[in-house]
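Engineer: Pasting a predicted model and its sequence here:
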2 protein chains.
Amino acid sequence: MPTLTMPAITLDDCLLRDAQDPLRGLREQFSLPAGVIYLDGNSLGPLPKATAARVGAVVAQEWGQGLIRSWNDAGWFDMPQRLGDRIAALVGADPGELVATDSTSINLHKVLGAALDIAAQDAPGRQRVLSERSNFPTDLYIAQALCRQRGFTLQLVEDDALPGSLSNDVAVLMLTHVNYRTGAMHDMAALSRLAHAAGALTVWDLAHSAGAVPVALKADGADFAVGCGYKYLNGGPGAPAFVWVAPQHANRVEQPLAGWWGHAAPFAFTPDYLPAGGVTRYLCGTQPILSMAALECGLDTFDAAQALGGMDALRTKSLALSDLFIALVEQRCAGHGLGLATPRAHARRGSQVGLTRAGEGAASGAFAIVQALIARGVIGDFRAGDGDRHADILRFGLTPLTLGFADIWNAVEQLRQVLNSGEWRRPEFGQTSPVT
Amino acid sequence: MPTLTMPAITLDDCLLRDAQDPLRGLREQFSLPAGVIYLDGNSLGPLPKATAARVGAVVAQEWGQGLIRSWNDAGWFDMPQRLGDRIAALVGADPGELVATDSTSINLHKVLGAALDIAAQDAPGRQRVLSERSNFPTDLYIAQALCRQRGFTLQLVEDDALPGSLSNDVAVLMLTHVNYRTGAMHDMAALSRLAHAAGALTVWDLAHSAGAVPVALKADGADFAVGCGYKYLNGGPGAPAFVWVAPQHANRVEQPLAGWWGHAAPFAFTPDYLPAGGVTRYLCGTQPILSMAALECGLDTFDAAQALGGMDALRTKSLALSDLFIALVEQRCAGHGLGLATPRAHARRGSQVGLTRAGEGAASGAFAIVQALIARGVIGDFRAGDGDRHADILRFGLTPLTLGFADIWNAVEQLRQVLNSGEWRRPEFGQTSPVT
């Protein structure tokens, strides 16, 4: 990408910005390894310092001493709702509308199934679910299976073709708000308006949005949403996900995974299913309490941010970090074939930056460059392209809870050295995708 | 129930049996509160001593220091299969056939959905799923929803009517192996034979079987099974459940919750779903690793038992404990209206004892008696009846990993005192069902 005509940014500039950053103290809530600049909080958020003691207490006291009594005495039973209320505050929903539970994929099956049932009542005969070709694959897999089961067709288009594809045959528009590879962010309000004008419902995946960017589910007119607990919410590996349903839909249909935790009276043990009112019916089975407790500690890390301006303040810093990252790459890594996959417009950008690299023959080098960076302690990740419109991506998550401006300077400096030295071409950095 | 003509059992008899019990040392693997006799391991297994340190290391080292790298470096990615292989050994399955994942309810949806798809191919036109009216309710809820979605009918009968109901319209026989209230155990081999002779597939819920009684899924001809990680497997509150598929079925159909962890190449991020071979396709989304690590510690507690005769030795002791419990109740609690809901025949009994109590007007007193016992440190639980054929139950789980014979004597002595004193009639013990 071309170097823009702006003054060269120095490390001192970045240190000054850190000194002036009102959010700089928030990183003290986290335990991060020495010598690491962690730019992968969009894949697995870092460990809050409070989590170890809290999970330890759940294990030793609540489980070990309280045993079965802790379902009531320690409040285990209400955790999906209690944590859900706190996540709701981060995504523009109200208390009682959101529950923490299961995985994002499972929750997507629930809400897409419910949305198709509601569409069948309100707009019978519609046959299509519309989504984006570059949506996160598991979302597409879940939709493929459900469409096949229900006799619907899943139509995948590029993002710019979404508005034109909202015909009167579309039952549901299903999108991920922030793209997992490029960090491109959809205009939730505009697309929801277009979808509703076309008579379709909207399902939003907030995996890369919740805790990363301000989300206004209700104000923007969303119908259903799911999201992830282990990325920007810092809930720990495989933390429970969440599911939100707009109040006007919550009591209309039974979701397809109707289990006892979604029953109106789960401990009456009646043989017939009677759905609970509201989003509680979107629960199914028993939840993993140790992982749920860790998610609660992740949500705690947003409390201190709340006093400093909340998601709006985090968003301001996030954009400043990604602007800085982009400018530094352009200034200091020119001539190495890097390109920017992330939109420059703030309104279209999430909290991560995706870079491409022009291929040399078949190989972009993107995977090996990421591996070489990790060896230097700068942890980003690689996401494979499709060899067509979507290129291989070097992905850098920029969470303002833990990162400062000098971190960005140092990370790009390491990238510069990796590229200048050519060390990423060493065999140990490989050329193929890792497991994660 | 009538007092049988057998010599009165004394506490000394029980202490002697403990001293002679080759499994007596196994309880040292667990951390149990002082002053408690825990008879609710069939609802939430007790805490293994090793769990706190292991979960602590996963939090502080694997997550905190390893961060995203631990998916590979700490083996997180393979945990569903690695733990699955160990559970397989407890339920008569082979390595590679079982994965630990999601909740029992979610897994039941997967296997029942797959079974219906296979039945549609092999025996098209069959319209019924047959189950037991007293099956665990969430199993019935999951089946109700799936039957409605697929155009099937769920037929519920009493257990003695199951064989006669296996007509040629039954696609799937779905049963819980050991009844959650009474502890009555089905003959898996006989019912599987009958089902297959009628052209139906079998789905077994092993929630109260895995780690409690010997299970021989393959030898008994089962087709699908699911089970629970937080009961007899001691995996902790809401621990991941498991799913097993007979090898001849594993690659035949896609299960209905097709997510990225069940993809043949999850990190290729291709837009089209391509199911992994074998039971891995029964995974869906990302698993809660902290809870998964605790489950692994629960499975470890069976290793020491393995050297002492494994599930067969545990079974022998379990039956001795429940025989003792029944005999002591009959000898020492006569005249208080107690009845036995659990079969006396060993072949028909799981690892728990359910007692009924003749009602006084509408109230059986069962709930209050359980509460009064808990106040004395004897933790069992209450399961409501349906006011018809199935009475209220005082439920006592008898896990041979942690319980000795003197524990049983002391528990029944407390029950005797609660009944003799009438203290359970105090208002603080209530008359209504608790949350759990």
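Structural biologist: Yep, that arrived.
Engineer: Look up which helix or strand A:V353 falls in, please.
Structural biologist: strand A:352-357 (DSSP states H and E).
Engineer: Okay, now the sheet partners of that strand, with direction.
Structural biologist: Applying DSSP bridges to the sheet, strand A:352-357 is found paired with strand A:338-340 (antiparallel), strand A:393-397 (antiparallel).
Engineer: can you put the ones you listed in a markdown table and add mean pLDDT?
Structural biologist: A markdown table is the format used below for the strands paired with strand A:352-357 (pLDDT from 0 to 100):
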| stretch | mean pLDDT |
| --- | --- |
| strand A:338-340 | 96 |
| strand A:393-397 | 96 |
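Engineer: A:Q149 against B:Q149, yeah?
Structural biologist: Yes. At 7.1 Å, A:Q149 counts as touching B:Q149 under the criterion of C-beta atoms under 8 Å. Any C-beta I mention is one placed from the backbone N, CA and C, and that applies to glycine too.
Engineer: what's the most buried one of the strands paired with strand A:352-357?
Structural biologist: Mean neighbour count (mean count of other C-beta atoms under 10 Å in any protein chain shown) peaks for strand A:393-397 among these, with a mean of 28.
Engineer: With just CA atoms, put it into CSV.
Structural biologist: Extracted in CSV, the C-alpha atoms of strand A:393-397 (Å, rounded to 0.1, in the frame of the first residue of the first chain):
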residue,chain,number,x,y,z
ILE,A,393,-4.9,-12.6,6.1
LEU,A,394,-2.3,-11.6,8.8
ARG,A,395,-4.8,-10.8,11.5
PHE,A,396,-4.1,-8.4,14.5
GLY,A,397,-6.7,-7.9,17.2
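Engineer: Could you identify the helix or strand that succeeds that strand?
Structural biologist: By DSSP H and E, the next helix or strand past strand A:393-397 is helix A:405-421.
Engineer: now that next one against strand A:393-397, angle please.
Structural biologist: With axes from the mean of the first three to the mean of the last three C-alpha atoms, to 10 degrees as the basis, helix A:405-421 and strand A:393-397 are set at 160 degrees to each other.
Engineer: Figure out how far helix A:405-421 is from the centre of its chain.
Structural biologist: Relative to its parent chain, helix A:405-421 has a centroid offset of 25 Å by C-alpha atoms, centre = their mean, to the nearest Å.
Engineer: In terms of secondary structure, what does that helix contact?
Structural biologist: helix A:11-20, strand A:37-38, helix A:310-332, helix A:366-375, strand A:378-379 (3 or more C-beta pairs under 8 Å, 6 or more residues apart in numbering or on different chains; DSSP states H and E).
Engineer: need these in CSV with distance to A:L44, can you?
Structural biologist: Formatted as CSV, the helices and strands packed on helix A:405-421 follow (distance: least, C-beta to C-beta, whole Å):
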stretch, distance to A:L44
helix A:11-20, 24
strand A:37-38, 9
helix A:310-332, 18
helix A:366-375, 14
strand A:378-379, 10
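Engineer: could these go into CSV alongside mean pLDDT?
Structural biologist: CSV is the format used below for the helices and strands packed on helix A:405-421 (pLDDT from 0 to 100):
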stretch, mean pLDDT
helix A:11-20, 98
strand A:37-38, 98
helix A:310-332, 98
helix A:366-375, 95
strand A:378-379, 98
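Engineer: At the contact with chain B, which residues of the stretch 51-200 of chain A appear?
Structural biologist: Residues of the stretch 51-200 of chain A lying near chain B by C-beta under 8 Å from any C-beta of the partner chain: A:51-52, A:55-56, A:59-60, A:62-65, A:67-72, A:76-77, A:102-106, A:109, A:133, A:135, A:137-138, A:140-142, A:144-146, A:149-150, A:156.
Engineer: can you rerun that using 7 Å?
Structural biologist: A:51-52, A:55-56, A:59-60, A:63-65, A:67-68, A:71-72, A:76-77, A:102-106, A:109, A:133, A:137-138, A:140-142, A:144-145, A:149, A:156 (C-beta under 7 Å from any C-beta of the partner chain).
Engineer: Drop anything exposed from those residues.
Structural biologist: A:51-52, A:55-56, A:59-60, A:63-65, A:67-68, A:71, A:76-77, A:102-106, A:109, A:133, A:137-138, A:140-142, A:144-145, A:149, A:156 (16 or more other C-beta atoms under 10 Å in any protein chain shown).
Engineer: can you tell me the residue of the stretch 1-150 of chain A closest to chain B?
Structural biologist: In the stretch 1-150 of chain A, the residue that lies nearest chain B is A:S103 (2.9 Å; C-beta to the nearest C-beta).
Engineer: who are the neighbours in contact with that residue?
Structural biologist: A:A241, B:C284, B:G285, B:T286 (C-beta atoms under 7 Å, 6 or more residues apart in numbering or on different chains).
Engineer: Including secondary structure, neighbour count and distance to A:L308, could those residues go into JSON lines?
Structural biologist: Formatted as JSON lines, the contacts of A:S103 follow (DSSP: H, G, I helix; E, B strand; the rest coil; neighbours: other C-beta atoms under 10 Å in any protein chain shown; distance: C-beta to C-beta, whole Å):
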{"residue": "A:A241", "secondary structure": "coil", "neighbour count": "31", "distance to A:L308": "27"}
{"residue": "B:C284", "secondary structure": "coil", "neighbour count": "30", "distance to A:L308": "38"}
{"residue": "B:G285", "secondary structure": "coil", "neighbour count": "25", "distance to A:L308": "33"}
{"residue": "B:T286", "secondary structure": "coil", "neighbour count": "26", "distance to A:L308": "31"}
